[in-house]
Each structure stands twice: as structure tokens, then as C-alpha cells.
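**Student:** Here is the input, now give the coordinates:
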Amino acid sequence: MKGLTVFIADLRKCRSHEDEEKRVNKELANIRTKFKEPSINGYNRKKYVCKLLYMSLLGYEVNFGHREAVELVDSSKYSEKQVGYLAVSLLMEDESEYLRAVVRALRRDMHDGSEWIVCLALNAISNIGSREMAEVLTSDIVVQLLSPAASMFIKKKAALCLLRLVRRFPEAVKAHQWVGRITPYLGHRDIGVTQSVASLMTALAQQYPEETRKAASFAVRRLKSLVIDNEYTLDYVYYKVPAPWLQIKLLRLLQYYPAPESSEARATLLSILRHIIDVSQDVPRELQQMNAQYSILFEAINLGIHLDIDQGLMQECAVLLGRFITSRETNVRYLGLETMAHLAAYIDRLDSIKAYQGVIVQSLRDRDISVRRRALDLLYSMCDVGSAKAIVSELLRHMALADVALREEMALKVAILTEKFATEYGWYVDVMMRLVSLAGDHMGDEVWHRIVQVILGNEELQVYACKISLQTLKAPVCHESAFKVSAYVLGEFGHLIANAADSAPIDQLKALQSKMSSTSQSARAVALTTVGKFINLFPEIKTLCLRVLDRYRGALDAELQQRACEYYALGTLEGDELLPTVFEEMPPFPERQSALMSRLLKREADTEDQRTWVVGGREINRERRGVMSGAASNNSQEAVEASAMPVPAASQTDAPSGSSTAAVSKADAPSATSASEPPTDPSVAKSMRNYARLLWENDGILFDGEEIQVGVMAQYKPPGGRLGVFLGNRATAPLYNISITARAADGSQLEIQPAAGQEAEQMPESLMPLAQARVFFDVQCKQVFGAAPTLHIGYTVAGCAPTVSELQLPVTVGHFMDPVTISVADFFARWKQLGDSGIAEAQHVLPSAFLTKDAAGLEWLRSVVGGMGFALIQGADPEPNNIVGVGIATTQAGRFGCLVRVEPKPAHGLTRVTLRATNAEVARSIGSNIKMVFESR
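**Tutor:** Modelled structure (predicted):
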């Protein structure tokens, strides 16, 4: 584009910023004029948008051209579309009025036949990443990732695009709906795709640990193939290290899950870790190979510490880390210190780490600040009662020389360690007063607040704290934080040392006054409160205290003036009742988490990626590990209990592919003749809705899982019928060894068998992804029955252990109803006759809040009753909203009439359903069906 080249050359020739600004303004005016021309072609539009982009990159404000960028996006030419997406990414805000048009173009391009167009769309989504895109386009991105027709290049970009959206808007992408379908991609044949999916799964594991739990088995299996079985292509070998980035990602992913329950899986994982450690013993000759091997090694050690599956391995790791923290390489020292801090935050015996205490202290003087920070973390993590004094002393000695960026964190950690491991009260006070004097400028008010809280809660500290506070005020230099602590402590407990030498009340007041004038407004406010308390504690110096307060009654600062006036008024009251009440000694603070610890944890959360451990938080780490192990044990126990049930919902010997085949069955959902409480599991609730819908409709989805989808299509001609079952493959790998069978609970009441002319051999040997197989069954109703038949589906995914799913088929006695039309008079005569005979009546009062919210609720009720096999009798009931119907249940043993009356009460949110029949089982079964339909709405 010659015009763009000339424009850039003109800007480079400008000798001053004013000349450049004039040239830019001239070009902006020209572009505005050109955009108004109706005959502008695609080439010129692209050229002018490129100029706008260049001006934007130079820092000039560009607030037009958005419409032209969208028009370029809609172009059929790749070069124009590329510039359009670039402009949209750089110039358009998330709230732009053109964003919806961009979303439409993105959705269209996502399904384009050209790989390059699809990649452009994925790049644009990643760069813009708005909430609307996350809500609208996530499903399309998942389709590209799972599509067998998509190239490996597109799959990698789709996974990374999802990662971007998950990080920005985790609630908008609804990851729980599709995470199970992408988990098997951790075992994809292409290492690049696996690596992209591993990054995505790591982000998802932090937000959805339960939904992604099966990713752990895939990660272990893939690690074993890379590390032990050497299954990889030469394209991914980096300086003799196979796929190092993938190994690192998988090892990090496993740190978000507890140790495997299976002894075989634990043994496999332990063998992987030992192999990685053994390989690292050979010193690499090349720097790149060393970096790759050590990166894998440190992640393996972190995983071993997290899982804690072998004590011998931990001791070996400690020895290795001791060697690394003495390395000449800065990166190796950094990683060694960080990983040793992780080890110290978990293990009980710190002797193996204390052996390197001198080396660690020396690292506080390292030239690299990141190494110094990791050394501080390690000293903080390894500190205990025995080593607390030495470590705190070293940190205080180093604090005066420490970087400003590191001093605040160091001060917080010294304060926490001193409080946590103090065995002598005097040592605690000395250290804390020295700390606020050294690093007071780099600490928040939380530190001196915490010192006061500790002193108030410990009587043994109070006398010594008062002596040190008075000495601090008498010193030539007193830091403001130390002044606040001293003033507060003397105001509360100054009377405890009033009889000591050089500690009389007048001495305390003079020491306080000597420093007040040089402190800030907030420090003077604390001092004025102390002076007010002196009036109550020491009546002999009341006159002097009132003089001090009187001096501040005219202060310009409102806070100081208000305190001085109020305290002066209290001190000059005639009665002595109010003064002791107002200035009563502060009670001890209640026990609660230290504000220092809360601030430190927040600081680490704000500045680092989400960790699976807390620096120095040995108790917190143990609690986290216990929670993770407990959750895993609960899941394991639930699996054991489920396997002991007579008819499990979806009994799986092993489902590493991440399938979730929980469906409506005798274990998870009510039978056709009984209803239970609504389930809380979303997958089971969804399956119940599908099942309930098929009670009054003849075709639809019965089960929608992560690997399979089961649909049903039925045709009834009582007392017989034909049932079609459709099996769809939703997995990313073929299904093998497929079997579909159906069985009735009682063959004497209901007969179900494969349709005539259909043999089992017609089932395909394999079912490819997104393909479908079908099988038909003939059904004969011999007698009135209660239990619905069951459908058994067996298959194997990609050579894994067989999966067997047992579903409840929507076949009830209500499906063998013939609608019968009778007159209104005959209906009520028959209704009264059945009521008087008392043969069979079933009645349910069902909640139906939807009647007040949904205007079409009554029509839905009529559709349900009609779908159950009843002929609706119009105008039969005096109440126009009531629904009455007549049907006959036909079996080979006989025919049984059934009448239904539905009385909705929208005002009360209730509906009464009454059935009267010539057979008790017919009324009970159909009544339960209607109840289930209501509960699933």
C-alpha cells in the first residue's frame, strides 16, 4: 500500500512533535472525508484503516473508523478481513455499538471452510475477549476443538482461545457443561494439541476441581508414555529431552489433585517421579538441555511434595535441593530455594533443611532480588521454636540493607514469626519495638495495631512493655509507629510503673510531650487520648494535662480539635463519675486471625499465580491436603456404595475418558409408578426431565451424556408398540463392542424383544465420533404392569475398560391408552359411578407455580393430559380452566377405563389431579406419571 508507506515516511521526516501532530491531523481529516464517500472500494478502505492503526500505535486518539473495520471483517478477501480483525482488536472497546456485528461475523467465520479464516476468528476472539463473545461463541469454539474435521492447528488455537475466555470470564463460558468432553484430549495423538489442552485444563482445575478430576488419570497415562515408554515424535525432542513443556504442564496439572486412590496408579506415578530424578543425576553438557531437565525436575519434586506418597523420595529431594541452592546458576538457585520452601511448608522434621541455614541466609545478600525474595520465603517457612531467635535476628540485621521493595514483606514476616514462636515476653517486646523503628516507614498500621493487641491480651507483658515504651519516648530519635505504640501502652498501663525510678507520671507526660510536636496528625490523635487517660490515672498531673489539651482546642485539624475539646470538657466536669467510665482500661481483644497473616496471604495472592501451597503456612497446607484427600475418599466411598446397589445408574469399571453416564435408573430416579424428591445432581435432574417428557411425548432425547447420547422414538397400537433406540457417539474417539439390549421387570406382564427381522449382528463393529446407530424393539402389554423396562448399553472407548450404562425406558401402562370420546352427561355419570364404587382412585395435589408466571401454562397442561392418551372433553367441567379426559388402557388380558380431572388453581400455585379407573394399578401408575411430569417442569 503505497499511500501507507508515504504517510509513514512523512511522519519520520518531521523534526518536531508539532510537525508530526499537524501531519496526523491533516491525515485524520482526509480519512474522515474519504470514509464519507459512498464509492470507496475495499482496497482504499483497508489502506485508510491501516493508517488509523498506525496513528493509534503512535499514541494518538482514534475514535472513528469502527464501522469501516467491521465492513473489512465482512469482506470475502483474506487480506481485508485480516486488517479488519486487527483494527477491531486494537481500536474497538468492549462496549462498542459495533461489537454485536463483529460477534455475528466471528460466528460465521468460525464455520468457514478455510482454515485461515477460522484461525483469524479465533485470534480475534482471544485478543478482544469480551463478555458477550464468551457467552455467545464458547460453544462454537468447543465445536472446533472437538470436531474431527478440524486441523491440529485449529484445535490448538481453539484450546488457547478457550483458555483466554476462561481466565477473563469464568462464569460466562459455563465450563462445567463441556469440560468433560475435552478431558480426553489430554491423550490426543498430537503433542501440540495435548499441550494446549493441558494449559486449558490447568486453568479449569483451579475453578472446577471436581468436574476435572478425571484429567489426573489422563495426565498420568500421558506422562508414562513420554517418560517411561518413550512414545513421542522427534519433532518434539528439545536437546534430547522429549516434549519438556508438556511434561512440565502435566506435572503442574497433577498438583491440583490429591494422590490417586488406586495402588497401581500411585505406583505408576511414583515410578515416573523416580525416573525423572534419576535422569537428572547426569550433568547435561549444554545449557539448554540443563534448563529443560531442571525445569521438569523441579516440577516433579513439587508434585512429589504435594502428593507425599513416599518418605524416601522426600529425603532424596531434600538432598538434591541442597545441591541446587549452592549452584552458580542464578536460575537454578532461584528454583532450588522456591522448591525447598515448598518442602519446608509441608514436612514435620526440618533437620535436613536446617543443615543449609547458613547458605540460605547468605542468599539474602544475592545480587538478584528474586533470589533474595525466595530466600526470605524459605527462612520464613523453615522457622520453628528452636531456630526462631537466630532467623529473626538475621532478618533484623539484614533489614537495614534490604531493598525497599522487599522491606515491607520482610517486616510482615518478622512480626508474624516473632509472635508465633516467642517463648520470652521480653524478647517479643524488644524485637517488635526494634522492628517498628527499623521498618516503620514500610509497614502499614496493622503491625503496631497487632503489637497493642498482643500486649493487651497478656498481663505478663504489660509492665515490661511500659518500661520499654517510656525508654523509646525518651530516646533522641523515635519512629512514628514506635511513638504510637508507646503512647497507647502508657495510656493503658502507665500506672503500673508510676512508682519506679524515673517513671513518675510527670516523667511520662514530659516524655510524651517531647515527641508530639514532630509527629503526624494521626500520631498526635493517639497522644491526646493518652493525655486524656492520664487525667483519669494520675490526678496529681491533671492541671498539666488540661494545659496540653487546651493548647490543641484551637488546632486546625478537625480530629485533633474535637478530641482536645471533648477530653478537656470531661476533665473539667465537677463530678468524677463520667471520667473513669469513658477512660476505662481497654479489655483484651478477642482471639481471631492475625491481621498480619491476612495481609501477607493477600499480598501473595495479588502478586503470584495461584499456588497449591502457602509459604510458611504449614497448618494451612496440612488442612488443604486433608480436605483434598477427604474429598477423594468421599468420592471413592460413594463409588463403592454405588457399586453395591442392586441396579446402579451407570456402573463403570473404569472410565478414564471422562464420561459421565449417570442417567435415570432405579438408583437415581423414581420408577414409573413412584416419585421421589427432586435430585440435586444437575446431570441426574436433566435425565429426569428427559424421561418425564417422554412420558407424554413419543420421541425425544432420553440421555445426554459426555460420551453417548440416547434417543427414543415410539409408536404404539395398544396392546402393542414399537420402540426405536438411537445411540449417538459424543466422544472424540470411536466406540467399540457396542451392545444394546432391553429387559422387562416381569415377562408375564410386559414383553420386550428385538423387532422382527432385526438381528444383533446388524450392530456396527465401531461407531465413529458424531455417528449414530439404531435398534428397534417390539413391545407387548400382556397385563397391567408397574415397573418400567430397562435398557442396557455397553461399549468401549479407545481400548479403555468396558462401560455399561443402565437406563430406564419410558414405557408405562399409560402408553397403552386409547383416547375415547364420550358426552358430557356420560362422563359425569361414569365419574360418579366409579367414585361410588371405590374401585380405584388416585389423587395428587401438585405445586404448580409456573401457572402464575407462564401464560401458556394451561395449554401445557392440556398437552400433557392429551399426550398421556386421554381424549379431552371440552366444556364438561363448569370451571373453564379445569381439564377432563377419558381413555382406555388396553392389554392382552383386558381393557380398563380411566377418567382424569385436572383442577388448576393459578392463584394458589397448586393443581389437583384426580384419576378414577376400573383397575387400581392403572390409576396409580398414570397418577405417578403426571406427578413426575409436574416435578420435572
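**Student:** show me where pLDDT drops low in the protein?
**Tutor:** Applying pLDDT under 70 to the chain flags residues 440, 442, 591-686, 757-762, 798-801, 855.
**Student:** Mind telling me which residue is nearest the centre of it?
**Tutor:** residue 207 (1.9 Å; C-alpha atoms, centre = their mean).
**Student:** so is the residue nearest to that residue when sequence neighbours are not counted in a helix, a strand, or just coil?
**Tutor:** Spatial nearest neighbour of residue 207, excluding adjacent residues (C-beta to C-beta, 6 or more residues apart in numbering): residue 170 at 5.4 Å. No exception for glycine: its C-beta is placed from N, CA and C like everyone else's. Put simply, residue 170 is coil when judged by DSSP: H, G, I helix; E, B strand; the rest coil.
**Student:** Distance check, residue 170 against residue 131.
**Tutor:** Residue 170 sits 11 Å away from residue 131 when distances are taken as C-beta to C-beta, to the nearest Å.
**Student:** ok, now residue 707?
**Tutor:** 31 Å.
**Student:** Which residue of the two possesses the greater neighbour count?
**Tutor:** residue 707 (25 against 14; other C-beta atoms under 10 Å).
**Student:** How much space separates that one from residue 527?
**Tutor:** Using C-beta to C-beta, residue 707 is found at 72 Å from residue 527.
**Student:** Any idea how many residues pack against residue 890?
**Tutor:** Other residues close to residue 890 by other C-beta under 10 Å number 20.
**Student:** and stretch 377-397, which residues are buried?
**Tutor:** Within stretch 377-397, the residues that qualify as buried are 377-383, 387-389, 391-392, 394-396, counting by 16 or more other C-beta atoms under 10 Å.
**Student:** got the end-to-end distance for that stretch?
**Tutor:** Start and end residues of stretch 377-397 are separated by 17 Å (C-alpha to C-alpha, to the nearest Å).
**Student:** what does stretch 791-805 give?
**Tutor:** End-to-end for stretch 791-805, by C-alpha to C-alpha: 8 Å.
**Student:** Please identify the buried residues of that stretch?
**Tutor:** Quick answer for stretch 791-805 (16+ other C-beta under 10 Å): 791, 793, 795-797, 800, 803, 805.
**Student:** Kindly reformat these as CSV and extend each row with secondary structure.
**Tutor:** Formatted as CSV, those follow (three-state DSSP):
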residue, secondary structure
791, strand
793, strand
795, strand
796, strand
797, strand
800, coil
803, strand
805, strand
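**Student:** Return the closest of the residues you listed with respect to residue 122.
**Tutor:** Within the buried residues of stretch 791-805, proximity to residue 122 (C-beta to C-beta) peaks at residue 797, which comes in at 27.7 Å.
**Student:** What separation do you get for that closest one and residue 587?
**Tutor:** Counting by C-beta to C-beta, the gap from residue 797 to residue 587 is 66 Å.
**Student:** Residue 724 too?
**Tutor:** Distance of residue 724 to residue 587, given as C-beta to C-beta: 77 Å.
**Student:** These two - which one has more neighbours?
**Tutor:** Neighbours were counted for residue 724 and for residue 587 using other C-beta under 10 Å; residue 724 has more, 15 against 8.
**Student:** hang on, residue 543 in a helix?
**Tutor:** Yes: with three-state DSSP as the criterion, residue 543 is assigned to a helix.
**Student:** what about the residue nearest to residue 207, neighbour count?
**Tutor:** Residue 170: 16 surrounding residues under other C-beta under 10 Å.
**Student:** Kindly report the same for residue 750.
**Tutor:** Neighbourhood size, residue 750 [other C-beta under 10 Å]: 25.
**Student:** Surely it and residue 789 touch.
**Tutor:** Yes: under the criterion of C-beta atoms under 8 Å, residue 750 makes contact with residue 789 at 6.4 Å.
**Student:** what is in contact with those two at once?
**Tutor:** Common neighbours of residue 750 and residue 789 (criterion: C-beta atoms under 8 Å, 6 or more residues apart in numbering): 744, 779, 811.
**Student:** partner residues bridging the second one?
**Tutor:** Read that as residue 779. Beta bridges link residue 779 to residue 721, residue 752, judged by DSSP bridges.
**Student:** Touching, it and residue 811? I think so.
**Tutor:** Yes: with contact defined as C-beta under 8 Å, residue 779 reaches residue 811; the gap is 6.1 Å.
**Student:** Provide the backbone phi and psi angles at residue 314.
**Tutor:** Note on residue 314: backbone dihedrals following degrees, to the nearest 10 are phi -70, psi -40.
**Student:** List the residues that contact it.
**Tutor:** For residue 314, the contact set (C-beta under 8 Å, 6+ apart) comprises 304-305, 308, 343, 347.
**Student:** Distance to residue 719, secondary structure and neighbour count added to those, as TSV?
**Tutor:** As requested, the contacts of residue 314 are exported to TSV (distance: C-beta to C-beta, whole Å; DSSP: H, G, I helix; E, B strand; the rest coil; neighbours: other C-beta atoms under 10 Å):
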residue	distance to residue 719	secondary structure	neighbour count
304	66	helix	24
305	67	helix	24
308	64	coil	15
343	73	helix	23
347	72	coil	20
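**Student:** May I see those organised as a markdown table, with distance to residue 366 added?
**Tutor:** Converted to a markdown table, these look like this (distance: C-beta to C-beta, whole Å):
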| residue | distance to residue 366 |
| --- | --- |
| 304 | 26 |
| 305 | 24 |
| 308 | 30 |
| 343 | 20 |
| 347 | 25 |
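**Student:** Looking at those residues, point me to the pair that's furthest apart.
**Tutor:** 304 and 347 (11.5 Å).
**Student:** how far away is residue 235 from residue 11?
**Tutor:** Using C-beta to C-beta, residue 235 is found at 43 Å from residue 11.
**Student:** Comparing those two, which residue is more hemmed in?
**Tutor:** More neighbours surround residue 11 than the other of residue 235 and residue 11, with 16 against 8 (other C-beta under 10 Å).
**Student:** Under a three-state scheme, what state does the more buried one occupy?
**Tutor:** Classification of residue 11 using three-state DSSP returns helix.
**Student:** how near is it to residue 34?
**Tutor:** Taken as C-beta to C-beta, the span from residue 11 to residue 34 is 19 Å.
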